[in-house]
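J.: next one to model:
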Amino acid sequence: MNNTINRGLIALSFICLFAFSTQAQTINNSKFGKGLQFMAADSSFSLKFGTRFQLLYQGGQNPATQEWDDRFLVRRARLKFDGFAFSPRLKYKIELGLSNSDIGNDIPDQTNNADNIILDAVAKWQMTPNLELWVGQTKLPGNRERVVSSQKLQFVDRSLLNSRFNLDRDAGLQLHHEHQLGQVVLREIGSIAMGEGRDITVNNTGGYGFTGRVEVLPFGAFKGDGDYVGSDLEREQTPKLSLAASYDFNDNAVRQRAQLGSFLSDTRDLSTWFVDAMFKYRGFSAMGEYANRKAPDGPVVLRDEAGKVQETFVTGSALNLQAGYLLPSNWEVAGRYTDYNPTNATGLRAQNQYTLGISKYIVGHSLKVQSDVSLIEEAGREDRTQFRLQMELAL
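T.: Residues are numbered from 1 along each chain as shown. So this is what the prediction gives:
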């Protein structure tokens, strides 16, 4: 049944695209990497359609067998629609995920109530010049690395900090405010969401999720919104810095990682702190993040008769530091260090990861080839190495 629905949504997307292309008035500024752009003849709405995919090869030596394990897959495949409706003050964004990695990661173990093909479906109303209301499903204002699009990452994929503690997407309301004091840019974001992740199709199981974020840009705004783009492709001519902190409280969370992971048999209140920074100057970029998640009543939900943990929320802390330099030839060399320390009671293993990445940007982040190699140190296990090579193509 779900496959039928998914195929229907995909077919509907292409039917809509064909209808717009034959009946709408085309704007003559479409170019590679910017999607197809359309405007209604009466200017009552606009539409930009884009598509992108990532092809990934991943391999590494298996410490247990001493053999090379590898795979080749479509890491991401997306359809994206955005524009305005009725008035330029009312914008919208729809993004659909088509690959198994997009759809299959977060299907609950116990109930088939998550329709993960829908990544974003959000309306954005510009209430005042400095205040915007978002309604629908989209990324929560958590850690910077998660809000950065997967198309615009500095490495093949996000860090271990992000995979363990990010807030991901959720459905609800967000308020975005921005103002300026001299050259200093200040941003405040508040969110109330369902707390269980994207497009859950049953009644709310636990409580709600409440998120707040504050950003300070002491040297002014980045070119091209570069504070949420990996690498310094704009080659900032003056130093640019963004400092930020986020806090999320998930009341009676029911999933292992708040908005992500398996549904558990009991709930916990989860509180998560993020502190992050982005710096760019003349091709050099650096980003740092710290995350800390706690469950005041203890993260463990279920143990077996021997006392082994069977169900637990993922709590603990993590640190991620990364930096890179973009050469005039648009080759970039970057390094990343990630330290992950789960709460002892969870029984999860601590990890350190050291990553070296080399990227070639052919048309910015719209056409690029990225590779990285990581040394993974995991408590209680033999060290292992992972190699990845990925191509990104976005129209």
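J.: ranges for the helices of the stretch 101-250 of the chain?
T.: Ranges of helices in the stretch 101-250 of the chain, per DSSP state H, counting those that start in this stretch, are 144-147, 160-165.
J.: I'd like these as TSV, with distance to Ala171 and mean neighbour count appended.
T.: No exception for glycine: its C-beta is placed from N, CA and C like everyone else's. Below are those laid out as TSV (distance: least, C-beta to C-beta, whole Å; neighbours: other C-beta atoms under 10 Å):
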stretch	distance to Ala171	mean neighbour count
helix 144-147	16	23
helix 160-165	20	22
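J.: Gly324: which of those is closest?
T.: Closest to Gly324 of the helices of the stretch 101-250 of the chain, according to C-beta to C-beta: helix 144-147, at 13.9 Å.
J.: how far does the closest one sit from its chain's centre?
T.: A distance of 5 Å separates the C-alpha centroid of helix 144-147 from that of its chain, computed with C-alpha atoms, centre = their mean, to the nearest Å.
J.: and what of stretch 136-146?
T.: Centroid displacement of stretch 136-146 relative to its chain, using C-alpha atoms, centre = their mean, is 7 Å.
J.: how long is that stretch end to end?
T.: Its start and end residues considered, stretch 136-146 measures 18 Å (C-alpha to C-alpha, to the nearest Å).
J.: out of the helices of the stretch 101-250 of the chain, nearest to Leu73?
T.: Nearest to Leu73 among the helices of the stretch 101-250 of the chain is helix 160-165 (16.8 Å), distances taken as C-beta to C-beta.
J.: what helices and strands are in contact with the closest one?
T.: Contact partners of helix 160-165 among helices and strands, from 3 or more C-beta pairs under 8 Å, 6 or more residues apart in numbering; DSSP states H and E: helix 144-147, strand 284-294, strand 316-326, strand 331-342.
J.: now mean pLDDT and distance to Glu382 too, for those, in JSON lines please.
T.: As requested, the helices and strands packed on helix 160-165 are exported to JSON lines (pLDDT from 0 to 100; distance: least, C-beta to C-beta, whole Å):
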{"stretch": "helix 144-147", "mean pLDDT": "98", "distance to Glu382": "28"}
{"stretch": "strand 284-294", "mean pLDDT": "98", "distance to Glu382": "27"}
{"stretch": "strand 316-326", "mean pLDDT": "98", "distance to Glu382": "22"}
{"stretch": "strand 331-342", "mean pLDDT": "98", "distance to Glu382": "17"}
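J.: deepest-packed of those, please.
T.: helix 144-147 (a mean of 23; mean count of other C-beta atoms under 10 Å).
J.: Phe284 contacts Gln322, doesn't it?
T.: No: at 11.9 Å, Phe284 and Gln322 do not qualify as touching, with contact defined as C-beta atoms under 8 Å.
J.: so where is this structure shaky, pLDDT-wise?
T.: Regions of the chain meeting the criterion pLDDT under 70 cover residues 1-29, 104-115, 201, 203.
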